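A.B. asks: need a structure here:
(one chain, ligands or ions: 2)
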Amino acid sequence: MLQGKTAWITGASSGIGEATARRLAKEGVNLVLTARREEKLVALAAELEAKYGVAVALEVADVSDRPVMEVVGEKIAERGGVDILINNAGTMPISPILSGRVDEWEQMIDVNIKGVLYAINAVYSGMAERKSGHIVNISSIAARQTYQSAGVYAGTKHAVRAISDTLRKEAIRFGVRVTDIQPGAVATELPDSINHPKIRDAVKANMYAEGSEILQPDDIANAIYYALTQPAYIDVSELHIRPVIQED
Ligand SMILES: NC(=O)C1=CN([C@@H]2O[C@H](COP(=O)(O)OP(=O)(O)OC[C@H]3O[C@@H](n4cnc5c(N)ncnc54)[C@H](OP(=O)(O)O)[C@@H]3O)[C@@H](O)[C@H]2O)C=CC1
Ligand SMILES: O=CCS(=O)(=O)O
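C.D. replies: Ligands and ions are numbered 1, 2, ... in the order given. Take a look at the predicted model:
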């Protein structure tokens, strides 16, 4: 069903993005992979090309860099566009608002909101012209609720959910589908982006508490695959997936 299509995955150097690259390559999807850590992308591309015979292009980029993302968009358009965007790159340097880590607030807004918009902007007009495409935005359980220290992070994810739902409505007439994926705790490098030592330790202790079983990146890759492979008349608008043990 997806064989021969092309997907652009941002944040493909680890976690959910990397797992999704593997999942889609296995289905014969050609890939454009983006992240800042070039060496990780190079190794992943080599592995997927050798294992699955798919074509993998790399666009090493900081998604919050607007001019760079515009150039990536032009390059993608020159190659004929992509069928799928997995808008996944994100960061989570959470802290109490009173700690006033303004640089980190700006970083989350720049990467998690502006980066998502820049990627949409890079591919949406092409999809609309071709009257076909699927944009999958990775927001979070924090798009629906919040918790202490996560004010700005949850704010960015609420924004992604709002952008996704607006885009879904606007894109109907262009035959473009939009899905917002809202994971709970997934075992990835994301907590390493927390610079506040006490909060980082608390988040990790909570995620990896003895006996607790949280989600794996493959679980989210499978959810993305499900959304992408529904019949053309179905839009999986939102998928909210959490570990059984996660109350909030
Ligand atoms: N793990 C979890 O519990 C949950 C995660 N999410 C969301 O899932 C998404 C993926 O995160 P996850 O896989 O968990 O975490 P990881 O930290 O493993 O992956 C984050 C990815 O985003 C990339 N990235 C971060 N900042 C930038 C940037 N400025 N420009 C380009 N790429 C960037 C990283 O690559 P590089 O550093 O090489 O640039 C990396 O590939 C995020 O949006 C996150 O908010 C949502 C809910 C739960
Ligand atoms: O986006 C993150 C979700 S959680 O780890 O706070 O549940």
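A.B. asks: got the contact list for the residue nearest the centre of the chain?
C.D. replies: Centroid-nearest residue in the chain: N88, 1.1 Å away (criterion: CA atoms, centre = their mean). Applying CB atoms under 8 Å, 6 or more residues apart in numbering, we find N88 in contact with 9-12, 16-17, 20, 136, 138. In this view, the C-beta of every residue, glycine as well, is placed from N, C-alpha and C.
A.B. asks: Need the contact partners of the strand ranked longest in the chain.
C.D. replies: For the chain, the longest strand by residue count, based on DSSP state E, is strand 176-183. With contact meaning CB under 8 Å, 6+ apart, strand 176-183 is reached by 16, 124, 127-128, 131-141, 143-144, 160-161, 164-165, 167-168, 171, 215, 219-220, 223-224, 227-228, 235-242.
A.B. asks: Please repeat the previous calculation with a cut-off of 6 Å.
C.D. replies: The list of residues contacting strand 176-183 from outside it, by CB atoms under 6 Å, 6 or more residues apart in numbering, reads 127, 133-141, 143, 161, 164, 167-168, 171, 220, 227, 235-236, 238-241.
A.B. asks: do stretch 24-38 and ligand 1 meet?
C.D. replies: Yes. Contact of stretch 24-38 with ligand 1 (CB under 6 Å from any ligand atom) involves 35-37.
A.B. asks: Can you flag which of these belong to strands?
C.D. replies: Counting by DSSP E, the part of these found in strands is A35.
A.B. asks: Highest neighbour count among the residues of stretch 24-38 next to ligand 1?
C.D. replies: A35 (24 neighbours; other CB atoms under 10 Å).
A.B. asks: Assess the claim that it and S14 are in contact.
C.D. replies: No. A35 is not in contact with S14 according to CB atoms under 6 Å; the separation is 7.7 Å.
A.B. asks: Out of the contacts of N88, which are close to ligand 1?
C.D. replies: On the criterion CB under 6 Å from any ligand atom, 10-12, 16-17, 138 are the entries of those that sit beside ligand 1.
A.B. asks: Make CSV out of those residues and add pLDDT.
C.D. replies: What follows is these, written out as CSV (pLDDT from 0 to 100):
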residue, pLDDT
T10, 99
G11, 99
A12, 99
I16, 99
G17, 99
I138, 99
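A.B. asks: And those residues, which two are furthest apart?
C.D. replies: Across the ones next to ligand 1 among the contacts of N88, the two members that end up farthest from each other (CB to CB) are A12 and I138, 11.8 Å apart.
A.B. asks: Just give me the neighbour total for the residue of the chain found nearest ligand 2.
C.D. replies: Proximity to ligand 2, evaluated over the chain using CB to the nearest ligand atom, is greatest for S140 at 3.4 Å. Using other CB under 10 Å, the number of residues around S140 comes to 27.
A.B. asks: Enumerate every residue touching it.
C.D. replies: Contact criterion CB under 6 Å, 6+ apart gives 157, 182 as the residues in contact with S140.
A.B. asks: What does the pLDDT read for it?
C.D. replies: In the predicted model, S140 carries a pLDDT score of 98.
A.B. asks: From ligand 1, how far out is it?
C.D. replies: Plainly put, S140 is 4 Å away from ligand 1 if you go by CB to the nearest ligand atom, to the nearest Å.
A.B. asks: Also N87?
C.D. replies: 8 Å.
A.B. asks: quick one: G175 and S132 touch, right?
C.D. replies: Yes. Using CB under 6 Å, G175 makes contact with S132 at a distance of 5.4 Å.
A.B. asks: Give me the more crowded residue out of these two.
C.D. replies: Legend: neighbour count by other CB under 10 Å for G175 and S132, higher for S132 (16 against 13).
A.B. asks: residues contacting that one?
C.D. replies: In this structure, S132 makes contact with G175, judged by CB under 6 Å, 6+ apart.
A.B. asks: Now do the helices in the chain.
C.D. replies: Listed in chain order, the helices found in the chain under DSSP state H are 15-26, 38-52, 66-78, 102-108, 115-130, 151-171, 197-207, 217-228.
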